[in-house]
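In: One predicted model, sequence on top.
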Amino acid sequence: MHVERCTSFKTFQSVFDSRPKDGKMREMNVKSLSIDEIESFLSDLGEPRFRARQVVHWLFVNGAETFDQMTNLPLKLRSRLAELLTISVPSIVSKRSMDGGLTVKYLFEFAGGDEVETVLMHRPWGRTVCVSSQVGCRMGCRFCASGKGGLIRNLSPGEMYDQVLFMKKDTGLRPSHVVLMGTGEPFDNLKNTLRFLKTVTHPATLGIGARHITVSTCGVVPGIKALAEIGLQVGLAVSIHAPNDRLRDRLVPVNRRYPLHSLIEACREFYAKTGRRITFEYTLIAGENDGAGEARGLAELLKGLPCHINLIPLNRVTDRPFEATPPDRVQRFKKILEQEGLVVTSRREVGGEITAACGQLRSNYREPYRMITKSDFAKQV
Ligand code: SAH
């Protein structure tokens, strides 16, 4: 990509937060540009507005991989665009079905060789894509595999979009819901996450309804505030996991930076601005955060905040000492919350969300099911 030739693009380079410190461009995906930017780019080339719409449709709906595939565009324009812009195409490393095909886990390789996982969940209400926002993660939640190797890099808006687009290509069906609950902390990659949200909800793209999108955070307060401001009806999920700072500081270290009082205040503001009830995710860990005292503490903490609590059974992660709470204790925890007037679901009961991969997305992570390598994949297909 010849960025210097895109003179009208003041913002062009700043888009790519994925650029490493050495300044080398790893990825210059045209899908990281906003729809408005693509439109003004084509208008700068002297093209009428309908051309921009055609290009956007090819890129964001049809998933064109080259400009040559854009057969309703004049040949001259196709080669001009190919000179100026790059379309990134993730390559698929492996694809693995779970739950009898209801959940499918994809491993992609993006520019620079970075690998990222995406999960597709077929559910009665549609098809939910669980999107990763970073390669690795630096939040260091004690029970989560994704953060084990630290943060490698942020994903660009285009790379997040590509994960959703690929699901349409692979299944022939448009995904109906998106959850930012894969690897990474979306609000640690805020600018790119917000750009992605604007693109994926734009009617000229796959146009996923904002109300069908949920962003999950471990509690990065500035991100919650920013999400409340963008004017989209996107849902918020907060991985709370503990009712007091002492415990939360240990399980979710970002709490030391944004303690519970600031987190809950940001959630109240979010509700006030968007009118959207917040989901609190609570992973139950045996003997750590699953006692009656913690249940009552959680009810006290969330009092008066319109919300819904989702209890997640812990998925085992190797070389982490934690065990899942046994089912009878899950029920006890749930009952206390309900007695306090809270709305509670437990993931396994509703079967509605990812049951097999939460906290286990880590591309080179091999337990409890082995991640297929490239050479295995070659053998399989
Ligand atoms: N960084 C974001 C989104 C990714 S994690 C966040 O923290 O919300 C998606 C959910 O899985 C979070 O609620 C996370 O705390 C939870 N999780 C992490 N490790 C887990 C594990 N081993 N078992 C069950 N849930 C886990």
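Out: The structure has been received and is ready for your questions.

In: Leaving out chain neighbours, which residue sits closest to Ala324?
Out: Across the structure, with Cβ to Cβ, 6 or more residues apart in numbering as the measure, the residue nearest Ala324 apart from its sequence neighbours is Leu314 (4.1 Å). Every C-beta, even on glycine, is put in place using the N, C-alpha and C of the backbone.

In: Could I get the pLDDT score of that neighbour?
Out: Model confidence at Leu314, given as pLDDT, is 90.

In: Let me see the domain layout of the chain.
Out: Annotated domains of the chain cover 18-86, 91-376 [automatic domain parsing].

In: how close does the residue nearest to Ala324 sit to Leu73?
Out: Distance of Leu314 to Leu73, given as Cβ to Cβ, to the nearest Å: 51 Å.

In: likewise Glu323?
Out: In this view, Glu323 and Leu73 are 58 Å apart by Cβ to Cβ.

In: got it, and His212?
Out: Relative to Leu73, His212 is positioned 31 Å away (criterion: Cβ to Cβ).

In: tell me, how many neighbours does Pro203 end up with?
Out: 7 (other Cβ atoms under 10 Å).

In: I misspoke; the intended subject was Pro259.
Out: Other residues within reach of Pro259 by the criterion other Cβ under 10 Å amount to 16.

In: Distance of it relative to the ligand?
Out: Distance check for Pro259 against the ligand: by Cβ to the nearest ligand atom, to the nearest Å, it reads 16 Å.

In: Look up which helix or strand the residue of the chain positioned farthest from its centre falls in, please.
Out: The outermost residue of the chain relative to its centre, with distances by Cα atoms, centre = their mean, is Lys76 at 37.4 Å. Secondary structure from DSSP states H and E places Lys76 in helix 75-84.

In: Now the next helix or strand after that helix - C-alpha only, CSV.
Out: Along the chain past helix 75-84, the next helix or strand (assigned with DSSP H and E) turns out to be strand 91-98. Extracted as CSV, the C-alpha positions of strand 91-98 are listed here (Å, rounded to 0.1, in the frame of the first residue of the first chain):
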residue,chain,number,x,y,z
SER,A,91,-5.9,-17.4,6.2
ILE,A,92,-7.6,-20.2,8.0
VAL,A,93,-5.3,-22.5,10.0
SER,A,94,-7.8,-24.8,11.6
LYS,A,95,-11.5,-25.2,12.2
ARG,A,96,-12.9,-27.4,14.9
SER,A,97,-16.5,-28.3,15.8
MET,A,98,-17.7,-28.8,19.3
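
In: Strand 91-98: which residues count as buried?
Out: 93-96, 98 (16 or more other Cβ atoms under 10 Å).

In: any idea of the mean pLDDT in stretch 212-227?
Out: Summarised as a single mean, pLDDT over stretch 212-227 is 98.

In: Touching, the residue nearest to Ala324 and Pro326? I think so.
Out: No: contact between Leu314 and Pro326 fails when scored by Cβ atoms under 8 Å: they sit 10.9 Å apart.

In: Would you confirm that Leu251 contacts Gly140?
Out: No: with contact defined as Cβ under 8 Å, Leu251 does not reach Gly140; the gap is 10.1 Å.
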